[in-house]
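Peer 1: Quick check, what structure comes out for this input:
(2 chains)
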Amino acid sequence: MLRLIGVGGVIAYRALFNWTTPAMFIGTLLVGPVFQLVFFAFLGRQLAVGSDHFYIVGNAVLASSGACVFGGVMAVSNERRFGTLGPVLLSPRSRTAVFLGRALPYAANGLLIATTTLLGGVLVMGVPVPASALPGLLLAFTIGSVSCAFFGLALGAIGLRFRDVWLISNVAVALMLLLTGVNVPAAALPDWIRTVGSFVPITHAAEAARRLVAGGSLGDSVAPLAAELVVGVAYAGLAAVLLKIFEAESRRRASLDTL
Amino acid sequence: MSLVRMLAVGTWLHVKQLSRSPFEIATSILIPLVQATLAVYLFRASPQPQALLGAAVGAGLMGVWSSVLFGSGGAIQRHRWEGTLEVLMLAPRRPVLVILPFTIATAVTGTYSIVATLLWGRLLYGIRLTFADPLGFVAAVPVCILSLGMFGLLLASTFVLMRNANALANTLEYPIWLLSGMLIPITTLPGWTGPLAAVLPTTWGSRAVRAAATGGEVWGPLAVCLAISLVCLALGALALSYVERRARAAATLALA
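Peer 2: Residues are numbered from 1 along each chain as shown, chains lettered A, B, ... in the order given. Coordinates of the predicted model:
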């Protein structure tokens, strides 16, 4: 089972992730998030909203969202696009293990991207992050990335049923900018956005990372990290359920390979 | 067919084509609305008073730039994928006249963003659509759109030379938003960014549109925007002719 999840996940990543060329990987996944961070940090400076740390840490955690959400979507919907969904679903192995294992390479990607974005943000903005916060930050990045990858997988599952999954994923990534409270202090957001945001990946991981950079101990961040983990597990469960439902429906409607 | 008519008909054709795509329409409307909402809450959180109309207009301009960047930047690649590039290049007109309508069309469909963010701001946040210079706004938006279309032609012609143009396009969205001061004039940016911003038509176009909305000089920045865009058009035309000749000679027109 571990081999199925690990090796299967890596093979699927190599086959289905569209952005593995060096230019796409570096340009879209590594450089793009740094520019996003710099944009919001300077906007925050100009408007006198939030400190540099607020934007650097928040956007570093959020940086994983692009790779994780789009990666999760590609992990499922590209099977259909490339015409390989049928053979995958003919496999006698657990569908849940096959697909959930695919989230892991994207989570690893997310961790790498969040770390490089943090580094880029620190260098460009000239604002250091306390070294004591780094182990906790890595933990927050990891949990945030895993949670986000499962969220992407849940969106990808929708791709088994609906054709416009790229529209959904693009809007979802844009909504995360607003709902996670990464770029607007929570106090400035209305209650409904904060409530919705608490069910969105990254929100709690960003909160945990900010506590760590503010000088808090890892213990201070346990609650938000646990909340982020719960959100991630919930999306993993949702992805598994949606994959089962949509697989059954596509078999029944004979629409498995319909694009 | 007169030149103007050809450009107009070509632009209209491509606008209709782009407007048939649920993905294009939804991303032109929904994502700018999210950005407008984010901008409104950021502006409200600022201790300094901010003109919320500027947030709505700025978010709309950001949407126009995104539309131009991804639409025009990938224009030739898109025609290549759709198998229409060879037919277009067979037309008895200069390549610039064939591709320009498409890049202008991406800017025109980007105006859905401005309309959407203004309506969103009015209906949801009660932002009064009282423009400091209504006539200036009515003039500045179409000129800005036309200028961005011409800038898009330069993007289209240069991106086609790069195999990884998509990667470049994905990184250029936020820097141009920032340098052009689309959402808000950024005075805290390092000094070395000034000359970079000054050569971008987006800087002058957004300055003119924002000034028309919230106050300031409109016509001067608009004239500079148009002048820079005409230079972009000339450079784009030269680059397109060069690319077309090279692709014909090497028989690579239809190859990615």
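Peer 1: alpha carbons only for contacts and neighbour counts from here, please
Peer 2: Noted.
Peer 1: can you list the weak-confidence ranges in the stretch 151-259 of chain A?
Peer 2: Along the stretch 151-259 of chain A, segments meeting pLDDT under 70 span A:256-259.
Peer 1: hmm, 90 instead?
Peer 2: Scanning the stretch 151-259 of chain A for pLDDT under 90 picks out the ranges A:156-168, A:186-187, A:243-244, A:246-259.
Peer 1: how about the residues of it that lie near chain B?
Peer 2: By C-alpha under 8 Å from any C-alpha of the partner chain, the residues of the stretch 151-259 of chain A that approach chain B are A:164, A:166-167, A:170-171, A:174-175, A:177-178, A:184-185, A:188-189.
Peer 1: Most neighbours among these, please name it.
Peer 2: The most crowded member of these, judged by other C-alpha atoms under 10 Å in any protein chain shown, is A:V184 (25 neighbours).
Peer 1: give me every residue that touches that one.
Peer 2: Residues near A:V184 by C-alpha atoms under 8 Å, 6 or more residues apart in numbering or on different chains: A:V49, A:G50, A:L178, B:L38, B:Y41, B:L42, B:A45.
Peer 1: for the third one, what are its contacts?
Peer 2: Contact analysis of A:L178 by C-alpha under 8 Å, 6+ apart lists A:V184, B:V34, B:Q35, B:T37, B:L38.
Peer 1: Among the residues you listed, name the ones in helices.
Peer 2: Those of the contacts of A:L178 mapping onto helices are B:V34, B:Q35, B:T37, B:L38, per DSSP state H.
Peer 1: Find me the pLDDT at the most centrally placed residue in chain A, would you?
Peer 2: Nearest to the mean C-alpha position of chain A, by C-alpha atoms, centre = their mean, lies A:C148 at 2.8 Å. We have a pLDDT of 94 for A:C148.
Peer 1: returning to what we had before: in helices, which of the residues of the stretch 151-259 of chain A next to chain B fall?
Peer 2: Members of those lying in helices (criterion: DSSP H): A:W166, A:L167, A:N170, A:V171, A:A174, A:L175, A:L177, A:L178.
Peer 1: just checking, the fourth one touches B:L30?
Peer 2: Yes. When contacts are counted by C-alpha atoms under 8 Å, A:V171 is listed as touching B:L30 (7.0 Å).
Peer 1: residues of the host helix or strand of A:V122 that come out buried?
Peer 2: If you go by DSSP states H and E, A:V122 is part of helix A:103-125. For helix A:103-125, burial by neighbour count (16 or more other C-alpha atoms under 10 Å in any protein chain shown) applies to A:103-122.
Peer 1: what does stretch A:208-222 give?
Peer 2: A:A208, A:A209, A:R210, A:R211, A:L212, A:V213, A:G216, A:L218, A:S221.
Peer 1: swap in stretch B:20-33?
Peer 2: Buried-residue list, stretch B:20-33, by 16+ other C-alpha under 10 Å: B:F23, B:E24, B:I25, B:A26, B:T27, B:S28, B:I29, B:L30, B:I31, B:P32, B:L33.
Peer 1: For A:S169, give its distance to chain B.
Peer 2: In this view, A:S169 and chain B are 11 Å apart by C-alpha to the nearest C-alpha, to the nearest Å.
Peer 1: how close does that residue sit to A:F151?
Peer 2: To A:F151, A:S169 is 10 Å away according to C-alpha to C-alpha, to the nearest Å.
Peer 1: Of these two, which one has the most company?
Peer 2: A:F151 (31 against 20).
Peer 1: check contacts around the more buried one.
Peer 2: Here A:F151 is in contact with A:V69, A:G72, A:P201, A:G232, A:Y235, A:A236, A:A239 (C-alpha under 8 Å, 6+ apart).
Peer 1: likewise B:V15?
Peer 2: Residues in contact with B:V15 (C-alpha under 8 Å, 6+ apart) are B:F102, B:A105, B:T106, B:V108, B:T109.
Peer 1: Tell me the secondary structure at A:C148.
Peer 2: Of the three states, A:C148 takes helix according to DSSP: H, G, I helix; E, B strand; the rest coil.
Peer 1: Surely it touches A:I202?
Peer 2: Yes. Contact criterion C-alpha under 8 Å: A:C148 and A:I202 qualify, at 6.9 Å.
Peer 1: Residues that sit against both of these two, list them.
Peer 2: Here A:C148 and A:I202 have A:S65 as joint contacts, going by C-alpha under 8 Å, 6+ apart.
Peer 1: quick one, helices of the stretch 101-250 of chain B?
Peer 2: Ranges of helices in the stretch 101-250 of chain B, per DSSP state H, counting those that start in this stretch, are B:134-159, B:165-179, B:193-198, B:201-214, B:219-250.
Peer 1: and what of the stretch 1-150 of chain A?
Peer 2: Secondary structure of the stretch 1-150 of chain A (DSSP H, counting those that start in this stretch): helices located at A:2-16, A:22-24, A:32-47, A:52-62, A:64-81, A:85-90, A:95-100, A:103-125, A:134-158.
Peer 1: buried stuff in the first one?
Peer 2: Residues A:L4, A:I5, A:G6, A:G8, A:G9, A:V10, A:A12, A:Y13, A:L16 are the ones in helix A:2-16 that count as buried (16+ other C-alpha under 10 Å).
Peer 1: neighbours of A:F40, just the number please.
Peer 2: A:F40, neighbours per other C-alpha under 10 Å, totals 22.
Peer 1: typo on my end, A:A187
Peer 2: 10.
Peer 1: now, which of the buried residues of helix A:103-125 lie close to chain B?
Peer 2: Applying C-alpha under 8 Å from any C-alpha, the subset of the buried residues of helix A:103-125 adjacent to chain B is empty.
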